[in-house]
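Asks: Requesting a structural model of the entry that follows:
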Amino acid sequence: MSTFRVMKTCVWLTAALTGGQALAADYQIDPTHTSVVASWSHFGFSHPTATFAEASGSVSFDESAPEQATISVTIPVKSVDTRVPALTEEFLNGVDYFEVAKYPTATFTSTKVTALGDNRFEVAGDLTIKGVTKPVVMQAQLNAIGEHPMTKKPAIGFDATTVIKRTEFNMGIYAPYVSDEVILTISTEAQGE
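Replies: Numbering: from 1, shown residues only. Coordinates of the predicted model:
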């Protein structure tokens with residue numbers, strides 16, 4: 001069989017197996033290069049933040065078919081740090097906050113990706129906090145995609161932000177004086193094999 005016919009057969013088999021869809025690259029979120037930050041208004045005087053570490057998850061993305069992308073993120077809530085020890089303790093154990101012993105993780109799973117141009121995307125998905133799942137839309141920016149200069153592996157990096165209402169996740173203490181709306185921001189790198 002000629003080389004041309006072998007190549008043509010391989011292309012046909014690939015198209016048949018994928019239903020003609022583009023092949024996405026799969027990446028694993030790098031927890032050492034991922035930050036999750038929550039910010040809110042404190043009586044209108046300041047905008048405190050809480051950070052979360054050790055996020056994990058996966059990204060599947062094909063530049064030629066970005067609308068088929070999928071994203072899944074898991075955040076261990078026990079990693080929360082407000083830089084105020086008493087508040088961090090409340091966040092971890094208080095029934096009005098995360099109740100980490102009962103609800104150890106928060107998760108986000110994408111349901112739809114819409115390309116907006118200029119490497120910007122709307123990522124709709126389900127956010128679960130404290131056992132409650134609500135739909136959210138994240139505004140995402142693809143920062144880079146290609147070979148990582150240090151690891152020499154395929155990599156992708158993006159920033160994403162959304163606004164949620166904490167009362168919807170059974171964490172409404174002091175609202176509305178301490179704002180109901182919380183800005184969530186994720187900045188991440190993910191790597192393939």
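Asks: lowest-confidence helix or strand of this protein?
Replies: helix 3-18 (a mean of 37; mean pLDDT, DSSP states H and E).
Asks: Just checking: what are the partner strands of the helix or strand just after that helix?
Replies: Moving toward the C-terminus from helix 3-18, the first helix or strand encountered (DSSP states H and E) is strand 25-39. According to DSSP bridges, strand 25-39 forms sheet pairs with strand 49-52 (antiparallel), strand 56-61 (antiparallel), strand 181-191 (antiparallel).
Asks: could you redo those strands as TSV and give each row distance to residue 166, mean pLDDT and mean neighbour count?
Replies: C-beta coordinates here come from the backbone N, C-alpha and C atoms, glycine included. Shown next, in TSV, are those (distance: least, Cβ to Cβ, whole Å; pLDDT from 0 to 100; neighbours: other Cβ atoms under 10 Å):
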stretch	distance to residue 166	mean pLDDT	mean neighbour count
strand 49-52	11	97	17
strand 56-61	22	97	19
strand 181-191	5	97	19
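Asks: Output these in JSON lines; the columns should cover distance to residue 90.
Replies: Below are the strands paired with strand 25-39 laid out as JSON lines (distance: least, Cβ to Cβ, whole Å):
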{"stretch": "strand 49-52", "distance to residue 90": "11"}
{"stretch": "strand 56-61", "distance to residue 90": "25"}
{"stretch": "strand 181-191", "distance to residue 90": "15"}
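Asks: Spatially central, which residue of this structure would that be?
Replies: residue 73 (4.8 Å; Cα atoms, centre = their mean).
Asks: On the three-state scheme, that residue is what?
Replies: Under DSSP: H, G, I helix; E, B strand; the rest coil, residue 73 falls in the strand class.
Asks: average pLDDT across the strand or helix carrying residue 161?
Replies: Using DSSP H and E, residue 161 sits within strand 154-165. For strand 154-165, mean pLDDT is 98.
Asks: Lovely, talk soon.
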